[in-house]
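What follows is a predicted structure for the sequence shown.
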Amino acid sequence: MGDSSHERDLVVVGSGAGGMTAAIAAALAGQSVIVLEKMPFYGGATAISGGGVWIPANAVLARAGVVDSLAKARTYMDLTVGDHVAPERKQRYLEAGPRLVDEFEQRTKWVRWTYMRGYPDYYPELPGGFGEGRSIEPELLEAEALGPDLALMAPPIAAMGYKGLVITASDFHDLNMVMRTWPGKRAAVRVLMRTLKGKFGGSTKLTAGRALTGRLRLALRDLDVPIWLSSPLLGLETEGAEGAEKVVGVRTERDGTPTAVRARKGVILAAGGFSRSQEMRDRFHRKPSRAEWTMAPEGQSGDAIELGLGLGAGLDLMDKVWGQPSTMLPTEDGDLRPQHLLAERSSPSTLVVDGSGQRYQNEALPYPDFVEGMYERHGGTEAIPSWMVFDQRAKNRYLVLRTLPRQPFPKHWIEGGYVKRAPTIDGLALQIGVPPEKLMATLRRYNQLAAAGHDDDFGKGDSAYDRYYGDPTLPNPCLHPIDQAPFYAIAVYPTETSTKGGLMVDEWARVLREDGSPIEGLHATGNTAAPVMGNTYTGPGATIGPAMVYGYVAAKYLAGAREI
């Protein structure tokens, strides 16, 4: 399989949070390890994410005064995830997560987090749920610390975020209320000063997923763990009889040359999902499902899942995605990119209608639930796309489509038809192709509910999660009449951060055959593996958290540590 220079204890495929965590854990356990990355840059989906991590009962929460416990978190996961995921797998996640946080903070110089105070679990009213949240995010990182590795990090997506602003998830929450609250105004000053310091003071800060990616990369660098870029996974090397194979290495390509890397102890697949493969989407997904609707970076074409499948691995939840209702935003380069609608859906002066002009669910639902609702509605009524309707008051008061309050929409958005605008509801209905009388009746009903202060139809504003991005100056932070002309509408699509389904794994992240037996030497984490969250999403960072934890678990298992 190649000379000794291409032999390691562990081979990790993929350089997102799951893969880099696995490599760090392996190196800390005294193992030789290498990371292979298909793309010419590292970071994967993590580098373009919000960077949140959902790991209950960890030391960061404790330092912030949050009283959490594994028992509370287990109660919450049992109620949200349910029986779809084996109890021992959920338990391993809950037990290993805090140990990961402890070990990386104590044994690396770089991996540091801060509490995302106030960002609720997505079902906070359930037993074990937290209205104040239990998610953490990476501390800001000086970009200069990365040196030449900064240029090799996966670039941000043009449609994501505010160009040039250095903003954290907590900043974004407060900044949405810049016209309404003092915390919003303080956030604006904080973000502006931080951004100006980076621009003129030579101290650029990385935030969110880029900060997490950078911190993990720096830890790998300190541990002398190499990342081979532009090195796709071309095959898995095995030994043993068919149906009882042991994975002993990988085939890749380096600098255009076919290369084999032997793995003395095992291979960890952390190569993401299959968002960019239209063929796999057509094979596994509900319709419609389009590759251009994904926020996942280029390269996530399901290669690792297909190779696992070729060894007899079982699959789970392949028809599901990490749903994110979005608009297809025109970018400066003339492309269309999904821009998720997060705060906008909780806005009190915003509603969403289907093709008949009717509301059909709570606009402020957790984003995976909202996408599920779109598909359920689409079965009987045209709901893909749906339409988000709002008025000038919403535009004047809140952040909308990454524009600041009172900031006009770009001229080409209006002229090109991306944003529909009309002085009357009837005129807006004609532009979006819904019956004017139906849309008028929907607005009339919504305004009546807003005046009363409660959404009797769908409960918008009932949950602490709904209210997180709402307007705290209103009796119901998520309800206000929509009656100030002109009126606007944009199309809403069921996009995703990534596909959800993948290879079946056990509590040690071992890839399982359809009969439940493990494929020796093969582990998987992140969106290459079927999720420990099952068909739900417990809170902010419930994809990155499990990706990291099971990368950690897999590395520890292969290093011989079974006590976690």
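Looks like it arrived, so ask away.

If you tally nearby residues, what's the number for Asp224?
Per other C-beta atoms under 10 Å, the neighbour tally for Asp224 reads 9. For glycine as for every other residue, the C-beta is placed from the backbone atoms N, C-alpha and C.

what sits against it?
By C-beta atoms under 8 Å, 6 or more residues apart in numbering, the contact set of Asp224 is Ala27.

ok, the nearest residue to Lys38 once chain neighbours are set aside - contacts?
Of all residues not flanking Lys38 in the chain, Pro232 sits nearest, at 4.1 Å (C-beta to C-beta, 6 or more residues apart in numbering). Applying C-beta under 8 Å, 6+ apart, we find Pro232 in contact with 36, 38, 252-253, 303.

next one: Ala489
Contacts of Ala489 by C-beta under 8 Å, 6+ apart are 387-390, 419-420, 428, 431-432.

Next step: those residues restricted to strands.
Judged by DSSP state E, strands contain the following of the contacts of Ala489: 387-390, 420.

Just among the residues you listed, which is most surrounded?
Neighbour tally across the ones in strands among the contacts of Ala489 (other C-beta under 10 Å): the maximum, 28 neighbours, falls on Val389.

Contact partners for it?
Per C-beta under 8 Å, 6+ apart, neighbours of Val389: 350-353, 428, 439, 443, 482, 487-489.

thinking again about what came up before, tell me the spacing between the residue nearest to Lys38 and Leu449.
Computed as C-beta to C-beta, to the nearest Å, the Pro232 to Leu449 distance reads 53 Å.

And for Pro183?
For Pro183, the distance to Leu449 - C-beta to C-beta - is 27 Å.

And the two? Which one has more around it.
Counting neighbours by other C-beta under 10 Å for Pro183 and for Leu449 shows that Leu449 has the greater number, 20 against 15.

Next SSE downstream of the helix or strand that contains the more buried one?
Assigned by DSSP states H and E, Leu449 belongs to helix 436-452. The helix or strand immediately downstream of helix 436-452 is helix 464-468, counting by DSSP H and E.

I'd say Thr403 and Asn396 touch.
No: contact criterion C-beta atoms under 8 Å: Thr403 and Asn396 do not qualify, at 11.2 Å.

mind checking which helix or strand Asp60 is in?
I think there's a mix-up here, since residue 60 is Val and not Asp. According to DSSP H and E, Val60 maps onto helix 59-63.

who's in contact with the helix or strand just after that helix?
Once the chain leaves helix 59-63, the next helix or strand it forms, by DSSP H and E, is helix 70-80. By C-beta under 8 Å, 6+ apart, the residues outside helix 70-80 that reach it are 56-57, 90-91, 94-95, 98, 121-123, 126-129, 134, 533, 536, 538.

what angle do the first helix or strand past helix 70-80 going along the chain and helix 70-80 make?
As assigned by DSSP H and E, the chain's next helix or strand after helix 70-80 is helix 87-107. Helix 87-107 and helix 70-80 meet at an angle of 130 degrees, taking axes from the mean of the first three to the mean of the last three C-alpha atoms, to 10 degrees as the criterion.

I'd like the next helix or strand past helix 87-107.
Following helix 87-107 in sequence, per DSSP H and E, is strand 113-115.

gap between that following strand and the chain center?
Per C-alpha atoms, centre = their mean, to the nearest Å, the displacement of strand 113-115 from the mean C-alpha position of its chain is 17 Å.

I'd like to know which elements it is packed against.
In terms of contacts (3 or more C-beta pairs under 8 Å, 6 or more residues apart in numbering; DSSP states H and E), strand 113-115 is packed against helix 59-63, strand 135-138.

Any chance of the ones you listed in a markdown table with distance to Pro330 as columns?
Formatted as a markdown table, the helices and strands packed on strand 113-115 follow (distance: least, C-beta to C-beta, whole Å):
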| stretch | distance to Pro330 |
| --- | --- |
| helix 59-63 | 39 |
| strand 135-138 | 30 |
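
does Tyr493 sit in a helix or strand, and which one?
Take DSSP H and E as the rule and Tyr493 turns out to sit in strand 487-499.

average pLDDT for the helix or strand that that strand is followed by?
Per DSSP H and E, the first helix or strand lying C-terminal to strand 487-499 is strand 502-503. The average pLDDT within strand 502-503 is 98.

Which elements pack onto strand 502-503?
When contacts are defined as 3+ C-beta pairs under 8 Å, 6+ apart, strand 502-503 sits against helix 303-310, strand 315-316.

Against Leu430, how distant is Met116?
Met116 is 43 Å from Leu430, by C-beta to C-beta.

out of these two, which sits in the busier spot?
Applying other C-beta under 10 Å to Met116 and Leu430 shows that Met116 carries more neighbours, namely 28 against 15.

what's the closest non-adjacent residue to the more buried one?
According to C-beta to C-beta, 6+ apart, the nearest residue to Met116 is Ser135 (4.6 Å).

what does Ser170 give?
Distances taken as C-beta to C-beta, 6+ apart place Met116 nearest to Ser170, at 6.1 Å, with adjacent residues excluded.

Pro138 is in contact with that neighbour, correct?
No: applying C-beta under 8 Å, one finds Met116 not in contact with Pro138, separated by 10.5 Å.

So for the helix or strand where Pro183 lies, what gets flagged as buried?
Following DSSP H and E, the helix or strand that holds Pro183 is helix 182-200. Neighbour counts using 16 or more other C-beta atoms under 10 Å place 184, 187-188, 190-191, 194-195, 198 of helix 182-200 among the buried residues.

Export only the CA atoms of it, formatted as CSV.
In CSV, the C-alpha atoms belonging to helix 182-200 read as follows (Å, rounded to 0.1, in the frame of the first residue of the first chain):
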residue,chain,number,x,y,z
TRP,A,182,-30.4,49.8,24.0
PRO,A,183,-28.7,46.4,23.7
GLY,A,184,-29.2,46.7,20.0
LYS,A,185,-27.5,50.1,19.9
ARG,A,186,-24.6,48.9,22.1
ALA,A,187,-24.2,45.9,19.7
ALA,A,188,-23.9,48.3,16.8
VAL,A,189,-21.2,50.3,18.5
ARG,A,190,-19.4,47.1,19.5
VAL,A,191,-19.5,45.6,16.0
LEU,A,192,-18.5,48.9,14.4
MET,A,193,-15.5,49.4,16.7
ARG,A,194,-14.3,45.9,16.3
THR,A,195,-14.6,46.1,12.5
LEU,A,196,-12.8,49.5,12.3
LYS,A,197,-10.0,48.2,14.6
GLY,A,198,-9.5,45.3,12.2
LYS,A,199,-9.5,47.5,9.2
PHE,A,200,-7.2,50.2,10.4
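
Now tell me what touches that helix from outside.
Helix 182-200 is contacted by residues 143, 164-167, 171, 174-178, 203-205 when judged by C-beta under 8 Å, 6+ apart.

Most widely separated two among these?
Largest separation among the contacts of helix 182-200 by C-beta to C-beta: Ala143 and Met177, giving 28.3 Å.

The two: which has the busier surroundings?
When Ala143 and Met177 are compared for neighbours, Met177 comes out ahead with 25 against 18, by other C-beta under 10 Å.

Excluding chain neighbours, what is closest to the more buried one?
The shortest distance from Met177 to any non-neighbouring residue, by C-beta to C-beta, 6+ apart, is to Gly184 (3.6 Å).

go on, Ile24?
Excluding the flanking residues, the one nearest Ile24 by C-beta to C-beta, 6+ apart is Ala219, at 5.2 Å.

Show the model's pLDDT score for the one you found.
98.

With only the CA atoms kept, save the one helix or strand it maps to in CSV.
Assessed by DSSP H and E, Ala219 sits inside helix 208-222. The C-alpha trace of helix 208-222 is given here as CSV (Å, rounded to 0.1, in the frame of the first residue of the first chain):
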residue,chain,number,x,y,z
ALA,A,208,-18.4,32.1,14.2
GLY,A,209,-17.5,29.1,12.0
ARG,A,210,-14.3,30.7,10.8
ALA,A,211,-13.1,31.2,14.4
LEU,A,212,-13.9,27.6,15.2
THR,A,213,-12.1,26.4,12.0
GLY,A,214,-9.1,28.6,12.7
ARG,A,215,-8.8,27.4,16.3
LEU,A,216,-8.9,23.8,15.4
ARG,A,217,-6.4,24.3,12.6
LEU,A,218,-4.0,26.0,15.0
ALA,A,219,-4.3,23.1,17.4
LEU,A,220,-3.5,20.7,14.6
ARG,A,221,-0.5,22.8,13.7
ASP,A,222,0.8,22.7,17.2
